[in-house]
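1. Mind folding the following:
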Amino acid sequence: MSKVLIIHTGGTIGMTRTERGYEPNGEVFRSAIYNLKDLKADDIPLWDLVETEPLLDSSRMSVIEWNKIGKLIADSYEEYDGFVVLHGTDTMAYTASAMSFMLCGLDKPVILTGSQIPLFETRSDGRDNLITSLMIAGSGKVHEVCIYFGGLLLRGNRTTKYSADGMQAFRSPNYPPLATAGISIQYNETAMRKAEGVPFRCVRLREIPIGVLKVFPGIRFELFRSMFTGTLKGVVLETFGSGNIPDDNNVLASITAEKGAEDTVTVVCSQCPQGTVNMSAYEAGSMLRQIGAASGRDMTTEAAVAKLYYLFSTCSETAAVKELIEKDLRGELTELD
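-> Below you'll find the predicted structure:
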């Protein structure tokens with residue numbers, strides 16, 4: 001019988017109504033989960049429950065919480081066959097992306113899940129999400145960080161939150177689902193990552209200053225000068241289409257040529273959920289390559305942000321970060337043939 005550790009970090013699945021709106025309630029959640037009959041069924045793996053302190057609405061997640069979750073997994077890695085992380089939906093894709101980079105040499109499933117409706121309410125989707133996540137975590141078939149939600153198992157660093165109120169809240173626009181759960185769980189084994197075959201370790205992330213800038217018609221890059229001149233170590237630039245930006249009289253080029261800008265890594269992602277960045281396709285995007293911006297290819301913004309945190313936490317030179325940001329490390333992007 002396999003054994004799974006459930007890590008409760010907060011989020012809607014464990015919330016109750018208060019006069020201020022939904023808030024996490026660890027005591028009520030523990031009572032509910034320990035008394036849930038389905039979690040005692042023969043085909044459910046053995047499980048233990050731990051909680052992070054404090055339990056949080058996921059909008060309040062940060063690098064500090066990512067490190068807490070990573071440490072909990074690392075400290076109990078040899079004791080369990082898999083892990084289920086209960087998490088709020090708002091930043092679940094960011095946390096899943098961060099975990100995928102932090103947990104080096106991972107050969108066990110780490111499944112993030114949660115719900116759109118609290119577990120205690122009548123129509124909650126939390127029950128199925130939790131039960132199926134436990135079964136996947138105990139199956140031994142997965143060797144990476146995933147999100148399970150609304151019947152789909154998705155690669156964590158390929159996932160983005162799509163709907164604020166739909167039961168299928170997440171999508172993986174540039175990579176197929178790893179499994180679908182209907183009457184049975186059907187695994188797409190050709191899409192799954194293989195175990196890396198290297199010793200497991202957890203990398204602690206540093207609190208690096210990183211920003212995200214979404215390009216829009218009429219943007220004045222001058223107003224964001226400090227982002228590119230040393231204030232931030234990394235900038236994810238969400239561009240139009242395949243990597244296009246407004247001209248703005250070449251202001252961005254002049255800014256990135258200033259002192260301090262050489263230490264800032266700019267990663268170009270697309271505002272389009274599906275597709276890939278190609279900064280050479282149009283004249284409007286070629287300037288980004290000229291100023292030394294890195295292509296995020298088909299990475300999500302969530303994965304690009306998490307990858308910058310990871311690379312700046314592990315690389316001593318900015319040049320190494322610029323090189324590795326375009327390399328596939330955990331299945332987060334599609335490299336060119």
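2. Would you check that residue 194 makes contact with residue 144?
-> No - here residue 194 does not reach residue 144: they are 9.1 Å apart, not a contact under C-beta atoms under 8 Å. Quick note: C-beta positions are derived from backbone N, CA and C, even for glycine.
3. which one of the two has more residues nearby?
-> residue 144 (25 against 9; other C-beta atoms under 10 Å).
4. okay but that one is in contact with residue 158, surely?
-> No - counting by C-beta under 8 Å, residue 144 stays clear of residue 158, with 10.3 Å between them.
5. overlap in contacts of the two?
-> Common neighbours of residue 144 and residue 158, counting by C-beta atoms under 8 Å, 6 or more residues apart in numbering, are residue 331.
6. which secondary structure elements does the longest strand along the chain contact?
-> Longest strand of the chain, by residue count under DSSP state E: strand 46-56. Other elements packing on strand 46-56 under the criterion 3 or more C-beta pairs under 8 Å, 6 or more residues apart in numbering; DSSP states H and E are strand 3-10, strand 21-24, helix 26-34, helix 63-75.
7. List the buried residues for stretch 117-131?
-> 117, 118, 119, 120, 124, 125, 126, 127, 128, 129, 130, 131 (16 or more other C-beta atoms under 10 Å).
8. looking at the helices and strands packed on strand 46-56, which is buried most?
-> strand 3-10 (a mean of 22; mean count of other C-beta atoms under 10 Å).
9. in the following helix or strand past that one, what counts as buried?
-> Note on strand 3-10: by DSSP states H and E, the next helix or strand toward the C-terminus is strand 15-18. Neighbour-count burial for strand 15-18, counted by 16+ other C-beta under 10 Å, picks out 15, 16.
10. picking that back up, now the helices and strands packed on strand 46-56 as CSV including distance to residue 283 and mean pLDDT?
-> What follows is the helices and strands packed on strand 46-56, written out as CSV (distance: least, C-beta to C-beta, whole Å; pLDDT from 0 to 100):
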stretch, distance to residue 283, mean pLDDT
strand 3-10, 46, 98
strand 21-24, 49, 90
helix 26-34, 55, 93
helix 63-75, 38, 98
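11. can I get these in TSV with distance to residue 149?
-> Converted to TSV, the helices and strands packed on strand 46-56 look like this (distance: least, C-beta to C-beta, whole Å):
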stretch	distance to residue 149
strand 3-10	15
strand 21-24	18
helix 26-34	18
helix 63-75	18
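12. among the ones you listed, which is nearest residue 248?
-> Across these, the minimum distance to residue 248, taken as C-beta to C-beta, is reached by helix 63-75, at 31.9 Å.
13. can you tell which of the helices and strands packed on strand 46-56 is closest to residue 44?
-> Residue 44 sits nearest to strand 3-10 of all the helices and strands packed on strand 46-56, at 8.9 Å, using C-beta to C-beta.
14. From the contact counts, what lies against the closest one?
-> helix 26-34, strand 46-56, helix 63-75, strand 82-86, helix 126-137.
15. got the angle between the first one and strand 3-10?
-> Counting by axes from the mean of the first three to the mean of the last three C-alpha atoms, to 10 degrees, helix 26-34 points 150 degrees away from the direction of strand 3-10.
16. which helices and strands sit right next to helix 26-34?
-> Helix 26-34 packs on strand 3-10, strand 46-56, going by 3+ C-beta pairs under 8 Å, 6+ apart.
17. and with 7 Å instead?
-> Under the contact criterion of 3 or more C-beta pairs under 7 Å, 6 or more residues apart in numbering; DSSP states H and E, helix 26-34 touches strand 46-56.
18. Can you point out the buried residues in the strand it packs on?
-> Neighbour count says strand 46-56 has 47, 49, 51, 52, 55, 56 buried, by 16+ other C-beta under 10 Å.
19. residues contacting residue 89?
-> 11, 12, 58, 114, 116, 161, 169 (C-beta atoms under 7 Å, 6 or more residues apart in numbering).
20. helix or strand for it, which one?
-> Assigned by DSSP H and E, residue 89 belongs to neither a helix nor a strand.
21. Could you measure from it over to residue 229?
-> Distance, residue 89 to residue 229, using C-beta to C-beta, to the nearest Å: 35 Å.
22. Show me the helices in the stretch 151-300 of the chain, by range?
-> 225-228, 251-256, 283-290 (DSSP state H, counting those that start in this stretch).
23. quick one, which of the ones you listed is nearest to residue 152?
-> Evaluated with C-beta to C-beta, the helices of the stretch 151-300 of the chain place helix 283-290 nearest to residue 152, the distance being 32.3 Å.
24. domain parsing for this structure?
-> 3-202, 210-324 (automatic domain parsing).
25. What is the end-to-end distance of the shortest one?
-> With C-alpha to C-alpha, to the nearest Å as the measure, domain 210-324 spans 17 Å from end to end.
26. likewise the longest one?
-> Distance between the two ends of domain 3-202: 20 Å, counting by C-alpha to C-alpha.
27. How far off centre is it?
-> Computed by C-alpha atoms, centre = their mean, to the nearest Å, the chain-centroid distance of domain 3-202 equals 12 Å.
28. coming back round to it: of the contacts of residue 89, buried ones?
-> Buried among the contacts of residue 89 (16+ other C-beta under 10 Å): 11, 12, 58, 114, 116, 161, 169.
29. between the helix or strand hosting residue 100 and strand 3-10, how many degrees?
-> Per DSSP H and E: residue 100 is located in helix 92-102. In terms of direction (the same axes, to 10 degrees), helix 92-102 departs from strand 3-10 by 130 degrees.
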